[in-house]
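Colleague: Sequence below, structure please.
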Amino acid sequence: ISDTKYAETVLTRPFQGRFEMYNLGLSVKADYTVGGFRFIAALRGDKFKYPDDWYFSHQLIANYQVNKNNTFRAIVARSNGGSYMEDTYFNLNSVTKPPTPSDPFKNEIRLFGNKERDLVVNDLFELGYRMQIGKKFQLDVAFFNQKARGYGLRVTQALVVDSANLTRITPSLRQDLDIKAVQNGMTLSLNWIALDNKLTFRPFVTAQQTQMLNYSPYHTVPGNSGPSLDYNINTQQDVKSKATPGIYGGLYANYAATEKLNINVNGYYMAKYEILASTSASGPARPYQEFDISKMGDKLVLNAKIGYQLSKNFNFFVNGRNTLNNNGREFFATDA
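Modeller: Next comes the predicted model:
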């Protein structure tokens, strides 16, 4: 990445130079079956330019087939986040107040990345069971637990006064946080084939709850100026997270009415959730004011498609997306 084509005097250059990112990845996989058991193991190691350390991810799966209709499984896995330019090389200076006759000092905010930060690491444990009921019906249930750590963001540091250059500097450095996320949930899915194999119906639903440990709504270091001495990242508590929907589900239904006529309906539902963000350097995070939080999630989207095969090489179809015209917000800052 490079912003060198812009003048050196431009303070709003986000990187202040030319930089590169790369990683080395190595992986190995093994698959072994004995009796009713099947074991699958995979290991991957990643060595990034920054942070300069090895990160290992793995997946261990054990399947046990009691008989042709009943199968149990257990999964233990770890995954890692990637290393990105913005977290690593960001170097943005922004003048918030120019000098004036009454105050010759200018105010600057300086935002920095961090080459030696931690990456997000997520550990997953899952237990599952699949049951085949006759030839037409299949049931699958899974219980899961996830624990993630290694989150970080830019934390406002103490004010620095550069008297020689008549500048008050507020640094903000990308910093690792103590916060951990723990999520428990279950997923139920069905697969039903009916009407002489003409109808395929596949609904699923996931119920989950996320807990944030060592959560702080403040993004400043202790001792930084603010309305309260407690407004810093060391003021922490364990809270129930509202940032993930408690219910997420969907369905796929396909009906082959004739050899030429096909009808398909698919969709998903996402329960309500909240996004919090800092609106000031010293205050707590709060519901993001630019969006109506009540419209984040709690959204049902249904799509439908009717197709007719006129000939071997020509298919006519009508496709309806979001047929219920649900315009509620679904993701943060990406749709309206």
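Colleague: now stretch 105-125: mean pLDDT?
Modeller: For stretch 105-125, the mean pLDDT works out to 94.
Colleague: send the alpha carbons of it over as PDB?
Modeller: Presented in PDB, the C-alpha positions along stretch 105-125 are these (Å, rounded to 0.1, in the frame of the first residue of the first chain):
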ATOM      1  CA  PHE A 105      -1.000  26.300  19.900                       C
ATOM      2  CA  LYS A 106      -2.600  24.000  17.400                       C
ATOM      3  CA  ASN A 107      -4.300  20.800  18.400                       C
ATOM      4  CA  GLU A 108      -3.500  17.500  16.700                       C
ATOM      5  CA  ILE A 109      -4.900  14.000  16.900                       C
ATOM      6  CA  ARG A 110      -2.400  11.300  15.800                       C
ATOM      7  CA  LEU A 111      -3.600   7.800  15.100                       C
ATOM      8  CA  PHE A 112      -1.100   5.000  15.000                       C
ATOM      9  CA  GLY A 113      -1.100   1.300  14.100                       C
ATOM     10  CA  ASN A 114       1.000  -1.300  16.000                       C
ATOM     11  CA  LYS A 115       3.400  -3.800  14.400                       C
ATOM     12  CA  GLU A 116       3.600  -6.100  17.500                       C
ATOM     13  CA  ARG A 117      -0.100  -6.400  18.400                       C
ATOM     14  CA  ASP A 118      -1.800  -9.700  19.000                       C
ATOM     15  CA  LEU A 119      -4.100 -11.300  16.500                       C
ATOM     16  CA  VAL A 120      -7.600 -12.600  17.300                       C
ATOM     17  CA  VAL A 121      -7.600 -16.200  18.300                       C
ATOM     18  CA  ASN A 122     -10.900 -18.200  18.500                       C
ATOM     19  CA  ASP A 123     -11.300 -21.600  20.100                       C
ATOM     20  CA  LEU A 124     -14.300 -23.700  19.100                       C
ATOM     21  CA  PHE A 125     -15.800 -26.900  20.700                       C
END
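Colleague: Could you give me the buried positions within that stretch?
Modeller: With burial defined by 16 or more other CB atoms under 10 Å, the residues of stretch 105-125 counted as buried are 105-114, 117-119, 121-122, 124. (Each C-beta comes from the backbone N, C-alpha and C, glycine too.)
Colleague: Spell out for me which residue occupies the centre of the protein.
Modeller: Thr244 (9.5 Å; CA atoms, centre = their mean).
Colleague: Excluding chain neighbours, give the residue nearest to that one in space.
Modeller: In space, Thr244 comes closest to Thr210 once its chain neighbours are excluded; the distance is 4.9 Å by CB to CB, 6 or more residues apart in numbering.
Colleague: Also Asp31?
Modeller: Ile40 (5.2 Å).
Colleague: Specify the beta-bridge partners of the residue nearest to Thr244.
Modeller: Bridge pairing for Thr210 (DSSP bridges) gives the partners Gln183.
Colleague: Please look at it and Lys180 and confirm they touch.
Modeller: No: Thr210 is beyond contact range of Lys180, at 10.8 Å (criterion: CB atoms under 8 Å).
Colleague: Comparing those two, which residue is more hemmed in?
Modeller: Neighbours were counted for Thr210 and for Lys180 using other CB atoms under 10 Å; Thr210 has more, 20 against 16.
Colleague: which residues touch the more buried one?
Modeller: Neighbouring residues of Thr210 by CB atoms under 8 Å, 6 or more residues apart in numbering: Ala181, Val182, Gln183, Lys240, Ser241, Ala243, Thr244.
Colleague: where along the chain do the helices fall?
Modeller: 85-89 (DSSP state H).
Colleague: what about it, any weak spots by pLDDT?
Modeller: Along the chain, segments meeting pLDDT under 70 span 8-11, 224-227, 277-295, 332-336.
Colleague: picking up where we left off before, just the buried residues from the contacts of Thr210, in PyMOL please.
Modeller: Filtering these down to the buried ones (16+ other CB under 10 Å) takes a single PyMOL command:
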select buried, resi 181+182+183+241+244
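Colleague: from the contacts of Thr210, which two are the most distant?
Modeller: Using CB to CB, the contacts of Thr210 reach their maximum pairwise distance at Val182 and Ala243, which is 13.1 Å.
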